[in-house]
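With the sequence up front, the predicted model follows.
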Amino acid sequence: MYQPDFPPVPFRLGLYPVVDSVEWLTRLLDTGVRTLQLRIKDKRDDEVEEDVIAAIALGRRYHARLFINDYWRLAIKHQAYGVHLGQEDLETTDLSAIRAAGLRLGVSTHDDMEINVALATRPSYIALGHVFPTQTKQMPSVPQGLEQLTRHIARLADYPTVAIGGISLARTPEVLAMGVGSIAVVSAITQAADWRLATEQLLALAGVGDE
Ligand SMILES: Cc1ncc(COP(=O)(O)OP(=O)(O)O)c(N)n1
Ligand SMILES: Cc1ncsc1CCOP(=O)(O)O
Ligand SMILES: [Mg+2]
């Protein structure tokens, strides 16, 4: 039973691009994307605050679900729609502050044990990865593949799920066929020869998410 300890998200979040700049967010919102993440790595809070503020304002203007990766203090300070955290991030995060501020929470998982940890926090959604090999992030674990992804989705039943890692346009139909509610992608859009066409094609397959 889906009873998160944070505000709920729709069962299907649809196409979920993960990008590292406000420029990318603007382009994607203009193309019709409604679930997105700002993922900037390895900077101090004061170096990213301006971008976080601009991203949150854009998300509001487009009535989009804009998640801030990692920078949970800034996400709270500027009232983002949500925050995305990995397992290691969870160890250094004040979850009750996120909860008290009314932000949605997404949590990364890579195996059954990490799903146990994620479920214990009762987040708004659970991300499952990495499904396929990825060049975008160095991963200590092996790709889980479609078989394990299906098993995890079955276990999570009515929990909103997001698949991530190596998901290309060509692989999108088989990932969606496993019953996942959302596909999070980086390179399928940012490295595409024609990012707009790629986004439109991915949106046609994964949708914008439920209301
Ligand atoms: C939707 C989604 N899923 C997984 C991740 C990865 O989060 P994390 O494991 O904390 O790694 P970093 O992105 O912080 O490097 C994500 N960002 N988004
Ligand atoms: C941030 C992140 N977390 C797990 S895989 C990944 C990167 C996904 O990027 P791509 O879609 O290019 O494989
Ligand atoms: Mg993280």
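Now that the structure is in, tell me what you want to look at. As the structure is a prediction and not an experimental result, all values here were calculated from the model. Ligands and ions are numbered 1, 2, ... in the order given.

Next, the buried residues of the helix or strand containing L146.
Per DSSP states H and E, L146 falls inside helix 145-156. Neighbour-count burial for helix 145-156, with 16 or more other Cβ atoms under 10 Å as criterion, is recorded at L146, Q148, L149, H152, I153, L156. Every residue, glycine included, has its C-beta placed from N, CA and C.

Format the residues you listed as CSV; extra columns: distance to G179 and pLDDT.
Output for the buried residues of helix 145-156, formatted as CSV (distance: Cβ to Cβ, whole Å; pLDDT from 0 to 100):
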residue, distance to G179, pLDDT
L146, 11, 98
Q148, 14, 98
L149, 9, 98
H152, 10, 98
I153, 5, 98
L156, 10, 98
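
Can you give me the distance of the residue of the chain found nearest ligand 1 to E23?
As assessed by Cβ to the nearest ligand atom, ligand 1 sits closest to G86 within the chain, at 2.2 Å. Going from G86 to E23 by Cβ to Cβ, to the nearest Å gives 25 Å.

out of the two, which sits in the more crowded spot?
Ranked by neighbour count (other Cβ atoms under 10 Å), G86 and E23 place G86 first, with 17 against 11.

isn't that one right next to S108, touching?
Yes - using Cβ atoms under 8 Å, G86 makes contact with S108 at a distance of 4.3 Å.

tell me what the longest helix seen in the chain is packed against?
Of all segments of type helix in the chain, defined using DSSP state H, the longest is helix 45-61. Secondary-structure packing of helix 45-61 (3 or more Cβ pairs under 8 Å, 6 or more residues apart in numbering; DSSP states H and E): helix 22-31, strand 35-38, strand 65-69, helix 72-77.

can that helix be found next to ligand 1?
No - judged by Cβ under 6 Å from any ligand atom, helix 45-61 stays clear of ligand 1, getting no closer than 12.8 Å.

try stretch 185-199
No - with Cβ under 6 Å from any ligand atom as the criterion, ligand 1 is not reached by stretch 185-199; the gap is at least 8.9 Å.

centre of the chain versus the longest helix of the chain, how much separation?
Chain-centre distance of helix 45-61: 17 Å, with Cα atoms, centre = their mean, to the nearest Å.

quick check: mean pLDDT across it?
Confidence over helix 45-61 (mean pLDDT, whole number) is 98.

Next, the angle strand 65-69 makes with that helix.
Helix 45-61 and strand 65-69 are oriented at 170 degrees to each other (axes from the mean of the first three to the mean of the last three Cα atoms, to 10 degrees).

Output helix 45-61 as CSV, nothing but the C-alphas.
Taking Å, rounded to 0.1, in the frame of the first residue of the first chain, the C-alpha atoms of helix 45-61 are listed here in CSV:
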residue,chain,number,x,y,z
ASP,A,45,25.7,25.4,-1.8
ASP,A,46,26.5,29.0,-2.4
GLU,A,47,27.7,28.2,-5.9
VAL,A,48,24.5,26.5,-7.0
GLU,A,49,21.9,28.6,-5.1
GLU,A,50,21.2,30.9,-8.0
ASP,A,51,20.5,28.0,-10.3
VAL,A,52,18.4,26.3,-7.7
ILE,A,53,16.2,29.4,-7.3
ALA,A,54,15.8,29.8,-11.1
ALA,A,55,15.0,26.1,-11.5
ILE,A,56,12.3,26.2,-8.8
ALA,A,57,10.8,29.4,-10.3
LEU,A,58,10.7,27.8,-13.7
GLY,A,59,9.1,24.6,-12.4
ARG,A,60,6.4,26.7,-10.8
ARG,A,61,5.8,28.7,-13.9
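
All good on my end, thank you.
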